[in-house]
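**Q** model this:
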Amino acid sequence: MDEDFDDKKQRAYINRRAIMDLGMGLIYSGMAVVMFFAEKFGLGAVFTPPFNYIFGGLCLLYGGFRVYRGIKRDYLK
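**A** Predicted structure coming up:
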């Protein structure tokens, strides 16, 4: 009985963490899109082009990593 409870608890933790990783990955990827197309969104005065592409690229890489980690679900192994 105790092992069954621990197994359910562990699965719930993995599901919560995977959902968080997927959500944060989408947020970071969305931020990358905003940075890449800042001129079209009217944010050209706020963000300068070299910063846009460097920071957008980093956000896209990290967002992709978070989505990959959320899909993989290899947290406790």
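
**Q** Next secondary structure element downstream of the longest helix along the chain?
**A** Counting by DSSP state H, the longest helix found in the chain is helix 2-36. Next along the chain after helix 2-36, taking DSSP states H and E as the criterion, comes helix 49-72.

**Q** distance between that following helix and the chain's centre?
**A** With Cα atoms, centre = their mean, to the nearest Å as the basis, helix 49-72 stands 8 Å off its chain's centre.

**Q** list the buried ones in it?
**A** For helix 49-72, burial by neighbour count (16 or more other Cβ atoms under 10 Å) applies to 52, 56, 59-60, 62-63, 66-67, 69-70. Using the backbone N, CA and C atoms, a C-beta is placed for each residue, glycine as well.

**Q** what about the residue nearest the centre of the chain, distance to Phe51?
**A** Nearest residue to the geometric centre of the chain (Cα atoms, centre = their mean): Gly25, 1.5 Å. With distances taken as Cβ to Cβ, to the nearest Å, Gly25 is found 22 Å from Phe51.

**Q** And Phe65, by the same measure?
**A** As judged by Cβ to Cβ, Phe65 and Phe51 stand 21 Å apart.

**Q** Next: Gly23.
**A** From Gly23 to Phe51 the distance is 25 Å (Cβ to Cβ).

**Q** same check, this time on Asp21
**A** According to Cβ to Cβ, Asp21 and Phe51 sit 26 Å apart.

**Q** Ok, Gln10 next?
**A** Gln10 is 42 Å from Phe51, by Cβ to Cβ.

**Q** do the same with Leu43
**A** 11 Å.

**Q** next one: Ala12
**A** Separation of Ala12 from Phe51 (Cβ to Cβ): 40 Å.

**Q** Verify the contact between Ile27 and Gly63 for me.
**A** Yes. Proximity of Ile27 to Gly63 meets the contact threshold set by Cβ atoms under 8 Å, at 7.4 Å.

**Q** Need the nearest residue in space to Val67, chain neighbours excluded.
**A** Of all residues not flanking Val67 in the chain, Gly25 sits nearest, at 3.6 Å (Cβ to Cβ, 6 or more residues apart in numbering).
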